[in-house]
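Student: pasting the sequence and the predicted model now:
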Amino acid sequence: MTSKAESPTPPIRSRPALRRLRALPPWSALAAAVVTGCLAGGAYGAFTPPAYSATAYVIAVPTKKADPQAALGFAQAYSRVATQLAVLGDAQVWAGVPMRTLRRSVRSATSPDAPMVAVTATSAQADLAVDMANAVSRSLTRHANHAKNATHVELLRFSRAVRPTEPSSASPALTGLVGASAGGLLGGLAMLVRPRRAAADGAPSAAVPGPATAADARGQR
C-alpha cells in the first residue's frame, strides 16, 4: 500500500497587523490601558442612576436616676436596634415603602464620644431618602421610650433629615479617574511581565555535554 508524499508545510508568516502591533513602543500598552479604564469608569458613572442620602439624628438623654455614662452605652445599643424588624415594621407605614426597601436602604451609626445615633437612608429619589430616614428615627424613638422607665434613658429626636441638594454617589468624572488609575495599574503590571516572558522565550538552552565532549575534556588535561 503506497502512501502519498506529504507536501512540505509552508512557513507561517506574520500578518501585517501583528507585525505593526509588535512594532509599537512598550508604553503604548500602558496608554491604551489608561484610556480604556477612563472610558469604562466614566461610562459607569454616567449610566448609573444617582443616589441621594439623608440623615436624621436622635440623642440619648439620661434621667435623674441614671448615670450620665449610661446614655452612651444605650446609644450604641439603639444604633444596632435601628435596623431590626421591630423598628422597621412601624417605619414602613410612615415611609410608604416595603420592609425590604428599608432594610436595603437604611443604615445607622453612632459616635464613641457622644450619645447620638445617626440614621441614614439612601435612595434614587431625594424626597424618599428624607422620608425613610425620618420614619426610622421616629420609630426608633418610640420603641426606646417604651422602656425608659426600666433603662432610665430617654431617646429624643435631635435633628430631622433634610432634603439633599446633591447626590451622594460618585460623579462620572470621579469614576473615570478611578478607572484610569486602575487601567494604569494593570498596564504597568503588564509591562513588567512582558520583558520577562520575552527573555524566557528567547533564552538559548544550555548544551548538555555528551560522551565525545567529555572525552575531549579529558584529553585536554
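Tutor: Okay, I see it.

Student: now do the buried residues in the one helix or strand Tyr78 maps to.
Tutor: Assessed by DSSP states H and E, Tyr78 sits inside helix 68-81. Across helix 68-81, burial judged by 16 or more other C-beta atoms under 10 Å covers 70-72, 74-75, 78-79. Every residue, glycine included, has its C-beta placed from N, CA and C.

Student: what do you get for stretch 118-133?
Tutor: Buried residues in stretch 118-133 (16+ other C-beta under 10 Å): 118-123, 126, 128-133.

Student: between those residues, which is nearest Glu154?
Tutor: Checking these against Glu154 with C-beta to C-beta, the nearest one is Val119 at 17.1 Å.

Student: which other helices and strands contact the strand or helix carrying the closest one?
Tutor: Assessed by DSSP H and E, Val119 sits inside strand 116-123. Counting contacts by 3 or more C-beta pairs under 8 Å, 6 or more residues apart in numbering; DSSP states H and E, strand 116-123 packs against strand 52-62, helix 68-81, helix 99-105, strand 106-110, helix 126-145.

Student: what helices or strands is the third one leaning on?
Tutor: The elements that helix 99-105 packs onto, with contact taken as 3+ C-beta pairs under 8 Å, 6+ apart, are helix 85-95, strand 116-123, helix 126-145.

Student: so which of the helices and strands packed on strand 116-123 gets nearest Val87?
Tutor: Once those are compared by C-beta to C-beta, helix 126-145 is nearest, at 4.9 Å.

Student: tell me the domain ranges of this structure?
Tutor: 27-48+169-195, 52-159 (automatic domain parsing).

Student: need the winner for burial among those.
Tutor: Ranked by mean neighbour count, those are led by domain 52-159 with a mean of 18 (mean count of other C-beta atoms under 10 Å).

Student: and that domain, end to end?
Tutor: 18 Å (C-alpha to C-alpha, to the nearest Å).

Student: before we move on, the earlier item: what's the helix holding Tyr78 packed up against?
Tutor: Helices and strands touching helix 68-81, by 3+ C-beta pairs under 8 Å, 6+ apart, are strand 52-62, strand 106-110, strand 116-123, helix 126-145, strand 153-159.

Student: which one of the ones you listed lies closest to Val97?
Tutor: helix 126-145 (6.5 Å).

Student: in CSV, could you pull the C-alpha coordinates for that closest one?
Tutor: C-alpha atoms of helix 126-145 as CSV (Å, rounded to 0.1, in the frame of the first residue of the first chain):
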residue,chain,number,x,y,z
ALA,A,126,-34.1,62.7,47.4
ASP,A,127,-37.6,63.0,48.9
LEU,A,128,-37.9,59.3,49.5
ALA,A,129,-34.5,59.3,51.3
VAL,A,130,-35.8,62.0,53.7
ASP,A,131,-39.0,60.2,54.4
MET,A,132,-37.2,56.9,55.2
ALA,A,133,-34.6,58.5,57.5
ASN,A,134,-37.3,60.4,59.4
ALA,A,135,-39.6,57.4,59.6
VAL,A,136,-36.9,55.1,61.0
SER,A,137,-35.7,57.7,63.6
ARG,A,138,-39.3,58.3,64.7
SER,A,139,-40.0,54.6,65.1
LEU,A,140,-36.7,54.1,67.0
THR,A,141,-37.5,56.9,69.4
ARG,A,142,-40.9,55.4,70.2
HIS,A,143,-39.6,51.9,70.8
ALA,A,144,-36.8,53.2,73.0
ASN,A,145,-39.1,55.4,75.1
